[in-house]
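Test case, fold it:
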Amino acid sequence: MNTSAVALMGAALLGAVTTPIDVEGIGNDANGECCSVIELRQYVTYPGKRDALISLFEKHFIESQEETGIRVLGQFRDINDPYRYTWLRGFPNMEARKQALTVFYSGQTWQTYRNEANATLYDNDDVLLLRPASAGSGFKPGSHTRPAPDSVAPRTGFVVATVYHFAQEVTPDFISKFNERLMPMFERHGAHIMGRFVTEKSRNTFERLPVRENVNVFVWFASYADRAAYEVCLTKLAGDALWRDQAFADLYKSLQGWPEIIMLEPASRSILP
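Numbers count the residues shown, from 1 in each chain. Here you go, the predicted structure:
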């Protein structure tokens, strides 16, 4: 992270910044892609506590994480579960993840607000550690601008994360089939696919925070203008002969169990979608 970005975010924590923060370039590679390691974190809050957690997170836990080199990518309400809060963060690599998490969780901001945050949480152990499935399949949020820390304006957009589970590690053959056959079909009917990922198999080197081990997943994220646009996409897909007569059965027969479909509404300061 460059010095000016760190200074800007540090000022935001002190309340000195009131204009939107441009996150372009933070943690991106030369192609604007972020990041080599992704955490998909799904928390279960106590009844009535989700919005309190989101407010606390968006005020105190975005810039303070990004100061350490973490890229906070998105914060969401699960529209099908009023207790579930989902968010994403990224790292350049596993060693950078270990170092950044060590700094953040021993830092002043977390120490100050951790009890307040933990009081909202029933469970925070549902975490998938992911990496881009193939070259160019990671998130590219570089052109997005995050609203200022005091922003509470509603966000537009709708995100669907689809999690495919496999008995064994996801194969290059499946990744190629998704990229070359399934993705163009989904996009033709209205999905804007933002990223495709598979399980990161490296050892979790920050053991204070558990991740779901012994899983093999392929996860893809798509954005839509709103839920109605997503429903239109599903209707069009159901009418596609390739999907209906062949691709659907081929895909679902290869999976271990039914996919997880996670429907998400972005919080005010999410930079995705």
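
can you map out the strands along the stretch 51-200 of the chain?
71-78, 84-91, 121-132, 145-146, 158-165, 192-199 (DSSP state E, counting those that start in this stretch).

Where do the helices of the protein begin and end?
Ranges of helices in the chain, per DSSP state H, are 3-13, 50-60, 63-66, 94-105, 108-118, 172-177, 183-188, 227-238, 241-242, 248-253.

Tell me where the stretch 51-200 of the chain is predicted with low confidence.
142-143 (pLDDT under 70).

what about the nearest residue to residue 201 once chain neighbours are set aside, how many neighbours?
Nearest in space to residue 201, with sequence neighbours left out and distances taken as CB to CB, 6 or more residues apart in numbering, is residue 169 at 7.2 Å. Every residue, glycine included, has its C-beta placed from N, CA and C. Neighbours of residue 169 under the rule other CB atoms under 10 Å: 11.

The one 5 residues further on now?
The tally of other residues near residue 174 (other CB under 10 Å) stands at 19.

Also residue 160?
18.

what's the answer for the one 5 residues further on, then?
Using other CB under 10 Å as the criterion, residue 165 is surrounded by 17 other residues.

just to revisit the earlier point, how near is the residue nearest to residue 201 to residue 198?
Going from residue 169 to residue 198 by CB to CB, to the nearest Å gives 8 Å.

got any residues that touch both of these two?
residue 216 (CB atoms under 8 Å, 6 or more residues apart in numbering).

quick one, what contacts the residue nearest to residue 216 when sequence neighbours are not counted?
Excluding the flanking residues, the one nearest residue 216 by CB to CB, 6+ apart is residue 166, at 4.4 Å. By CB under 8 Å, 6+ apart, the residues touching residue 166 are 174, 216, 217, 218, 254, 255, 256.

if we go to 7 Å?
Residue 166 makes contact with 216, 255, 256 under the criterion CB atoms under 7 Å, 6 or more residues apart in numbering.

same thing with residue 107?
Contact partners of residue 107, counting by CB under 7 Å, 6+ apart, are residue 64.

What separation is there between the residue most central in space within the chain and residue 104?
Nearest to the geometric centre of the chain sits residue 88, at 3.1 Å (CA atoms, centre = their mean). Distance from residue 88 to residue 104, counting by CB to CB: 16 Å.

Likewise for residue 86?
From residue 86 over to residue 104 (counting by CB to CB), the distance is 19 Å.

what about the two, which has more around it?
Taking neighbours as other CB under 10 Å, residue 86 and residue 104 compare with residue 86 leading, 22 against 18.

That one contacts residue 39, doesn't it?
No: using CB atoms under 7 Å, residue 86 makes no contact with residue 39, being 10.9 Å away.

that older thread, same list, the contacts of residue 166, but as CSV with distance to residue 117 please.
Shown next, in CSV, are those (distance: CB to CB, whole Å):
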residue, distance to residue 117
216, 31
255, 35
256, 34
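
Any of those residues buried? List them.
Listed as buried from the contacts of residue 166 are residue 216; burial here means 16 or more other CB atoms under 10 Å.

What pLDDT is listed against the nearest residue to residue 161 once chain neighbours are set aside?
Using CB to CB, 6+ apart and skipping residues adjacent in sequence, the residue nearest residue 161 is residue 262, 4.2 Å away. Predicted confidence (pLDDT) for residue 262: 98.

Isn't residue 262 up against residue 76?
No: Residue 262 lies out of contact with residue 76 (CB under 7 Å); the separation is 8.5 Å.

neighbour-wise, which of these two wins?
Taking other CB under 10 Å, residue 262 and residue 76 do not tie; residue 76 has more neighbours (26 against 21).
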